[in-house]
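# Whatever this is, show me its structure:
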Amino acid sequence: MGKDAKGGGKGKGKQAGGSEDGGAKGKGKAGKAADGLGTCTYVKARHILCEKQGKINEAYKKLQDGWLSNGDKVPPAEFAKIAAEYSECPSAKKGGDLGWFPRGKMAGPFQEVAFNTVVGATSPPFKSTHGYHIILSEGRKN
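Predicted structure coming up:
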């Protein structure tokens, strides 16, 4: 599955301007369309979920102190450690791993952030109906 998200025949078709993807990209934001933001069908992500804003801010500060303040991307293994320590979601046992999920499966703000975070990037904390989240985007595919 990971190979599809990074390259292969489908990836080359996008670069060549295939008609299916070209139409979707034309409707997206010019700078972000090349990344497939907002146009992909599936996202692979990890997350941290906390009921209280203070706790999610603590987790985000750890990410900032370790990587984000230096402009680095948080390695998935390190994000997983912080998710296991801070997240109140059952996925914490798996380092916050949500696996691949399709557009439409997650509700409101969570889906919006998940599908608009660049692969490898970590979202700032945000609120949903379930609490406060931080998302690490690990992949996207159609």
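# CA only for contacts and neighbour counts going forward, please
OK.
# contacting residues around the longest helix along the chain?
Longest helix in the chain by number of residues (criterion: DSSP state H): helix 53-66. Contact with helix 53-66 is made by 48-50, 70, 74, 79, 82, 86, 124-125, 132-134, as judged by Cα atoms under 8 Å, 6 or more residues apart in numbering.
# and after that helix, which helix or strand comes next?
helix 76-86 (DSSP states H and E).
# same for the helix or strand following that following helix, what does it pack against?
Per DSSP H and E, the first helix or strand lying C-terminal to helix 76-86 is strand 97-102. Packing partners of strand 97-102 (3 or more Cα pairs under 8 Å, 6 or more residues apart in numbering; DSSP states H and E): strand 42-50.
# about what we covered before: just the CA atoms of the longest helix of the chain, as PDB, please.
Provided in PDB are the C-alpha atoms of helix 53-66 (Å, rounded to 0.1, in the frame of the first residue of the first chain):
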ATOM      1  CA  GLN A  53      -6.700  21.400  26.000                       C
ATOM      2  CA  GLY A  54      -3.900  21.700  28.600                       C
ATOM      3  CA  LYS A  55      -2.800  18.000  28.100                       C
ATOM      4  CA  ILE A  56      -2.800  18.300  24.200                       C
ATOM      5  CA  ASN A  57      -0.700  21.500  24.600                       C
ATOM      6  CA  GLU A  58       1.800  19.600  26.700                       C
ATOM      7  CA  ALA A  59       2.100  16.900  24.100                       C
ATOM      8  CA  TYR A  60       2.500  19.500  21.300                       C
ATOM      9  CA  LYS A  61       5.200  21.300  23.400                       C
ATOM     10  CA  LYS A  62       7.200  18.000  23.500                       C
ATOM     11  CA  LEU A  63       6.900  17.800  19.700                       C
ATOM     12  CA  GLN A  64       8.000  21.400  19.400                       C
ATOM     13  CA  ASP A  65      10.900  21.100  21.700                       C
ATOM     14  CA  GLY A  66      12.100  17.900  20.000                       C
END
